[in-house]
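Visitor: I'll drop the sequence and a predicted model, then ask my questions.
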Amino acid sequence: MLSTLLSKDMVSQTKKKELESNYKIKCLMQVKIVTMKNYIDFAE
């Protein structure tokens, strides 16, 4: 799942579709925002 979120090779819409279909995660926010938040949390 993290590889999907952090992938630079996928556009946001593709990430969202993969998360919803492969991991059964309903994306209500843009993936890009979630990815940046997770990256900031990880960096701290």
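Guide: Yep, that arrived. Residues are numbered from 1 along each chain as shown.
Visitor: From the contact counts, what lies against the helix or strand where residue 3 lies?
Guide: Using DSSP states H and E, residue 3 sits in helix 2-6. Counting contacts by 3 or more C-beta pairs under 8 Å, 6 or more residues apart in numbering; DSSP states H and E, helix 2-6 packs against helix 12-22, helix 31-43. (C-beta placed from N, C-alpha, C; glycine too.)
Visitor: which of those helices has the lowest average pLDDT?
Guide: When the helices and strands packed on helix 2-6 are compared on average pLDDT, helix 31-43 comes out lowest at a mean of 63.
Visitor: Leaving out chain neighbours, which residue sits closest to residue 26?
Guide: residue 20 (6.3 Å; C-beta to C-beta, 6 or more residues apart in numbering).
Visitor: pretty sure the one you found contacts residue 13?
Guide: No. Counting by C-beta atoms under 8 Å, residue 20 does not reach residue 13; the two are 10.8 Å apart.
Visitor: what's the overlap in contacts for these two?
Guide: Residues touching both residue 20 and residue 13 (C-beta atoms under 8 Å, 6 or more residues apart in numbering): none.
Visitor: Just the pLDDT at the spatially closest residue to residue 16 that is not a sequence neighbour, thanks.
Guide: Nearest residue to residue 16, sequence neighbours excluded (C-beta to C-beta, 6+ apart): residue 27, at 4.5 Å. We have a pLDDT of 72 for residue 27.
Visitor: Check the spacing between residue 27 and residue 5 real quick.
Guide: Between residue 27 and residue 5 the computed distance is 10 Å (C-beta to C-beta, to the nearest Å).
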